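Participant: Sequence first, predicted model second:
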Amino acid sequence: MANWCSNTVVFEGEPEAIKQIQQLFQTMKTKEEKDEQGQLPDFVPDTDGGYFFNIYWNEGDAGIYQYETKWSPNAEVLKKIAEYYKVDFVQDYEEMGNLVYGRTTFADKVLTDIYLDNKEFEQYEFDEETDNYQFEGETYDSDCEILETLLERKITNHQP
């Protein structure tokens with residue numbers, strides 16, 4: 001059984017393109033609910049996986065979608081969607097069972113994936129006795145803020 005990777009994608013572009021993407025995600029969501037299986041856009045070949053599962057969005061959030069994929073993010077599929085509709089995107093993803101946490105951006109036709117590796121995950125630790133995380137001399141109830149901090153630092157220091 002697959003581990004589920006949680007994804008959030010934000011598409012940016014012309015309002016008409018964002019409306020078309022909304023219709024695409026609505027179509028995939030409806031088909032997924034009917035067929036009870038992951039979906040890909042019709043124009044994306046069914047060769048490398050990257051299926052969308054459990055697609056949802058908040059009413060009024062144009063161009064912002066949450067969904068799950070098996071094991072890892074589906075940035076290449078998102079890139080094909082972005083190229084098709086001539087838009088950019090930012091994708092945040094995580095699958096903590098296998099220490100997968102990162103952000104993919106597609107802007108000016110360039111795909112950039114920045115993710116945490118073992119070196120970053122080793123910078124904090126979980127204290128089982130207190131049920132807290134320790135990071136840089138501070139105590140945290142959850143690792144969410146720590147992971148965000150580590151990823152933002154890596155993005156800031158990224159040299160294209």
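Facilitator: All right, it came through fine.

Participant: Only C-alpha atoms from now on, for both contacts and neighbour counts.
Facilitator: OK.

Participant: max-length helix in the protein?
Facilitator: The helix that spans the most residues within the chain, counting by DSSP state H, is helix 15-35.

Participant: contacting residues around the helix or strand that comes right after that helix?
Facilitator: Downstream of helix 15-35, the first helix or strand assigned by DSSP states H and E is strand 53-56. Residues outside strand 53-56 that contact it (Cα atoms under 8 Å, 6 or more residues apart in numbering) are 25, 28-29, 32, 37-39, 65-69.

Participant: How about the contacts made by residue 58?
Facilitator: Neighbour list for residue 58: 64-65 [criterion: Cα under 8 Å, 6+ apart].

Participant: So it belongs to a strand, correct?
Facilitator: No. With DSSP: H, G, I helix; E, B strand; the rest coil as the criterion, residue 58 is coil rather than part of a strand.

Participant: can you pull the pLDDT of it?
Facilitator: We have a pLDDT of 95 for residue 58.

Participant: Quick one: distance of the longest helix of the chain to the chain centre.
Facilitator: Centre-to-centre, helix 15-35 and its host chain are 17 Å apart (Cα atoms, centre = their mean, to the nearest Å).

Participant: Tell me which other helices or strands that helix touches.
Facilitator: Helix 15-35 sits against strand 53-56, helix 75-85, with contacts defined as 3 or more Cα pairs under 8 Å, 6 or more residues apart in numbering; DSSP states H and E.

Participant: what's it in contact with?
Facilitator: Applying Cα under 8 Å, 6+ apart, the set of residues contacting helix 15-35 is 11-12, 38-41, 53-56, 62-63, 85-87.

Participant: angle of that helix against helix 75-85?
Facilitator: In terms of direction (axes from the mean of the first three to the mean of the last three Cα atoms, to 10 degrees), helix 15-35 departs from helix 75-85 by 130 degrees.

Participant: tell me the mean pLDDT for helix 15-35?
Facilitator: Averaging pLDDT along helix 15-35 yields 97.

Participant: could I have it exported to CSV, CA atoms only?
Facilitator: Extracted in CSV, the C-alpha atoms of helix 15-35 (Å, rounded to 0.1, in the frame of the first residue of the first chain):
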residue,chain,number,x,y,z
PRO,A,15,-7.9,34.7,-15.2
GLU,A,16,-9.3,32.7,-18.2
ALA,A,17,-6.5,30.1,-17.9
ILE,A,18,-7.2,29.8,-14.1
LYS,A,19,-10.9,29.2,-14.9
GLN,A,20,-10.0,26.5,-17.4
ILE,A,21,-7.8,24.8,-14.8
GLN,A,22,-10.7,25.0,-12.3
GLN,A,23,-12.9,23.2,-14.8
LEU,A,24,-10.1,20.6,-15.3
PHE,A,25,-9.8,19.9,-11.6
GLN,A,26,-13.6,19.8,-11.2
THR,A,27,-13.8,17.2,-14.0
MET,A,28,-11.0,15.1,-12.5
LYS,A,29,-12.6,15.3,-9.0
THR,A,30,-16.0,14.2,-10.4
LYS,A,31,-14.5,11.4,-12.4
GLU,A,32,-12.4,10.2,-9.4
GLU,A,33,-15.5,10.1,-7.2
LYS,A,34,-17.4,8.1,-9.9
ASP,A,35,-14.6,5.7,-10.8
